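A.B. asks: need the 3D shape of this:
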Amino acid sequence: MRLVEFLKYLLAAHGEALRRLAALLGEDALIAVLEELPEDPRAIAPLSRRLASAFLPPMIPFKPKEPGMERTLVPLANPYQELEGAVREMKLPAVLEFYIWAFPLYRSYIESGLDLNSRLPSPVSESVMEVVEDAIQESRNWVRRMPIPPHLGLRVDQAAKTPWLKFRSDVLKNLGSRPMQALS
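C.D. replies: Predicted coordinates:
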């Protein structure tokens with residue numbers, strides 16, 4: 001899985017969380033909360049070496065011209081266009097789309113200098129599991145920083161949590177892992 005594909009899953013989870021929060025709170029109320037959300041300088045700090053080391057350099061794909069012919073390079077798709085297309089497909093209102101792009105964890109990846117065609121190794125390693133779990137934890141931290149009334153806290157947390165469970169499952173499945181395993 002390329003980093004850009006991982007980021008598409010990340011943006012999709014965050015977008016679905018925003019959609020659920022808008023349904024729970026009302027779009028105008030959610031936007032008011034998002035505008036008051038304090039920015040955490042640690043949330044947009046460059047990725048740690050541990051996370052960055054989970055990504056391998058991009059592989060150059062080869063595709064035979066014809067059977068028996070020499071192999072030629074196939075250009076990789078523009079990862080920024082892939083990300084734009086994925087967000088556009090969510091069909092969210094423009095203001096919520098802005099908050100997808102402003103998600104601190106997404107920004108930290110984009111600003112990290114990692115090649116978006118970098119790969120997460122498969123089968124799933126401990127460092128890959130840490131990348132996935134860190135993304136989920138960062139999403140929880142983001143929700144917990146929201147200035148919402150205490151009586152809504154549990155409902156907001158639950159509404160935002162569900163898409164991130166799907167994120168975990170989808171990423172691990174894409175990497176060839178069994179996202180749901182029996183507990184021992």
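
A.B. asks: from here on, contacts and neighbour counts on C-alpha atoms
C.D. replies: Fine.

A.B. asks: just the helices from the chain, written as ranges.
C.D. replies: If DSSP state H is used as the criterion, the helices of the chain fall at 3-25, 27-36, 49-52, 79-89, 94-101, 104-110, 126-144, 153-174.

A.B. asks: can you give me the buried ones in stretch 116-126?
C.D. replies: Within stretch 116-126, the residues scored as buried using 16 or more other Cα atoms under 10 Å are Leu116, Asn117, Ser118, Arg119, Leu120, Val124.

A.B. asks: what's the farthest-apart pair in the residues you listed?
C.D. replies: Maximum pairwise distance in those, criterion Cα to Cα, is 18.8 Å, between Leu116 and Val124.

A.B. asks: how far away is Ser127 from Glu133?
C.D. replies: 10 Å (Cα to Cα, to the nearest Å).

A.B. asks: so between these two, which is more surrounded?
C.D. replies: When neighbours are counted by other Cα atoms under 10 Å, Ser127 comes out ahead of the other of Ser127 and Glu133, with 17 against 14.

A.B. asks: for the residue nearest to the spatial centre of the chain, list the residues it contacts.
C.D. replies: Most central residue of the chain, judged by C-alpha distance to the mean C-alpha position with Cα atoms, centre = their mean, is Leu10 at 1.5 Å. Contact criterion Cα atoms under 8 Å, 6 or more residues apart in numbering gives Tyr106, Ala135, Phe167 as the residues in contact with Leu10.

A.B. asks: next: Thr162.
C.D. replies: Shown here is Thr162, whose contacts under the criterion Cα under 8 Å, 6+ apart are Ala17.

A.B. asks: tell me how far it lies from Leu21.
C.D. replies: Distance check for Thr162 against Leu21: by Cα to Cα, it reads 11 Å.

A.B. asks: relative to Leu30, how far out is Ala17?
C.D. replies: With Cα to Cα as the criterion, Ala17 and Leu30 are 11 Å apart.

A.B. asks: between those two, which has more neighbouring residues?
C.D. replies: When neighbours are counted by other Cα under 10 Å, Ala17 and Leu30 differ, and Ala17 comes out ahead with 24 against 20.

A.B. asks: that one and Gln158 touch, don't they?
C.D. replies: No: applying Cα atoms under 8 Å as the test, Ala17 and Gln158 come out as separate, 9.7 Å apart.
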